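# Pasted the sequence and its predicted model underneath.
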Amino acid sequence: MRIINLLILVSLITNFLTAQDKFPILDQRERAALVDGILEDRIDNLLPQLMEREGFDMWILISREYNEDPVMKTMLPSTWLSARRRTIMVFNKNEDGSLDKIAIARYSVGKLLKGEWNIDVYPDQWEALVNIIAEKNPQKIGLNYSKDFALADGLVKTEYDEFYNKLPRRFRNKLYSAENLAISWLETRTEKELELYPMLCKMGHDILQEAFSENVISAGKTTSDDVIWWLRNRVTELGLSTWFHPSVSIQRPDASNNEFLRSFSKRSQDDIIQFGDLLHVDFGITYLRLNTDQQQHFYMLKPNEVEVPAGLQAAFKNGNRLQDILVEEFKEGLSGNEILAAALKQASSENIQASIYTHPIGSHGHAAGPTIGLWDQQEGVKGKGDYPLKPNTAYSIELFAASEVEQWGKIVRIMLEEDGVFDGKKFYFLDGRAEKIYSIPRNKVTGSY
């Protein structure tokens, strides 16, 4: 029955394009059924493959309530909003390929992990864990600690020390960092998740189309901060959430106003939007335990204009070309730093002034996986940039191309971000990408959108 319900829910929301409601928001009970079905599929079918690939017999996750390991948070069922007391998860891979899913806790973890702590036999929780380890006798035990990846560094010092002190000496030399396993779990998207992800990206795009319209923005009255809070309120109205506070920035045809030179941390957030402004937005939503991250541009038509100035659209095309250059370098096994260097070299050969700061996306906004540049580290990113590209992983293609716009007499920075997937052979955008700067209103002649 659970699988049937999951298939029905997936079908319901992946066929939303045929429905009148462009925001197919499930109620909380429906969301829970879908989330739990996806999680069960990930643990039963994906996790054994990842443990085999990374060479682990056992993976142990330990967290206390409200101080959860980021990986454990993604493994909790829909009805668990946090760990309870101390929660210990043990995944043990058997010789026949099957997976033991054990909770050393006072409770079973939903229907996914069976509680195995018999407090009458083992009053001490650590002794109960040690008994499982002795019984299974693993040769390689993974723990979540990592120098480079915060998301894979969820085992806190107190828990590690107590566990290590209780662990028999014969098992201590079998402990290893589960960094690659943790990252692989977080970064890999399953078939069911990839069926849902285009819907989330379309929802984000649709919200942006609402926000950057004449229904919300009036030149000379509306501020960039007004639009930001409209976005926050709209997301709340829809029953969604954001994983970061949106931003709206403005570039203007004023040669003395060099917005291009501003750092990301010094953008003004309360400018009054004027006719002739080029607006940029950075926005992301969270739904069904997946995240989006999108950046687009909109132009406020002057009273005598009917379309976006040609110079701005030409600059935008350079941004599209830079996106193409980057994703053409996506090849399985290459590191983020190798992809970054190759893309920047090609962009330079085409005279595109480029900056690339692309990141994985999925269970988190700035997610686990290879970092492909940071806006202030274009020579490569030590550690996270050395991680290799793997199949069925999602990325926010985030970058900018700077172009001289003759009509404005200045450099304009086209900052783009769209979400997509590398399937092992090619990259594709989950809901397409913006191919132009949108005007406000969209079509001044007909008033259509």
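Done, it's in.
# Please make it C-alpha for all contacts and neighbour counts, starting now.
OK.
# now the helices for the stretch 301-449 of the chain?
According to DSSP state H, counting those that start in this stretch, the stretch 301-449 of the chain carries its helices in the segments 310-328, 336-349.
# Figure out which of these is closest to Glu406.
For those, the distance to Glu406 is smallest for helix 310-328, at 6.8 Å, taking CA to CA.
# could you say what helices and strands the closest one packs with?
helix 336-349, strand 393-405, strand 410-422 (3 or more CA pairs under 8 Å, 6 or more residues apart in numbering; DSSP states H and E).
# make it 10 Å
Packed against helix 310-328 by the contact rule (3 or more CA pairs under 10 Å, 6 or more residues apart in numbering; DSSP states H and E) you find helix 336-349, strand 353-356, strand 393-405, strand 410-422, strand 427-429.
# Next, the buried residues of the first one.
Meaning helix 336-349. Gly336, Asn337, Glu338, Ile339, Leu340, Ala341, Ala342, Ala343, Leu344, Ala347 (16 or more other CA atoms under 10 Å).
# Test my guess that the third one contacts Lys382.
No - shown here, Glu338 and Lys382 do not form a contact pair, counting by CA atoms under 10 Å, at 11.7 Å.
# Let me know the closest of the buried residues of helix 336-349 to Leu76.
Nearest to Leu76 out of these is Gly336 (CA to CA; 29.9 Å).
# any idea how far Ala368 is from the residue nearest the centre of the chain?
Centroid-nearest residue in the chain: Ile361, 2.3 Å away (criterion: CA atoms, centre = their mean). As judged by CA to CA, to the nearest Å, Ile361 and Ala368 stand 7 Å apart.
# and for these two, which residues touch both?
Leu186, Glu187, Thr393, Ala394, Tyr395 (CA atoms under 10 Å, 6 or more residues apart in numbering).
# For the fourth one, give me its contacts.
Spelled out, it's Ala394. So, once contact is read as CA under 10 Å, 6+ apart, Ala394 ends up touching 187-189, 194, 197, 359-363, 367-369, 419-423, 427-430.
# can you give me the helices for the stretch 1-150 of the chain?
So, for the stretch 1-150 of the chain - with DSSP H, counting those that start in this stretch - the helices run 2-14, 28-41, 47-54, 70-75, 125-136.
# mind checking which of those is nearest Trp243?
Set against Trp243 and scored by CA to CA, those come closest in helix 70-75, at 14.6 Å.
# what helices or strands is that closest one leaning on?
Judged by 3+ CA pairs under 10 Å, 6+ apart, helix 70-75 is in contact with helix 28-41, strand 58-64, strand 86-93, helix 179-187.
# Any of the contacts of Ala394 buried? List them.
Listed as buried from the contacts of Ala394 are 187-189, 197, 359-363, 367-369, 419-423, 427, 429-430; burial here means 16+ other CA under 10 Å.
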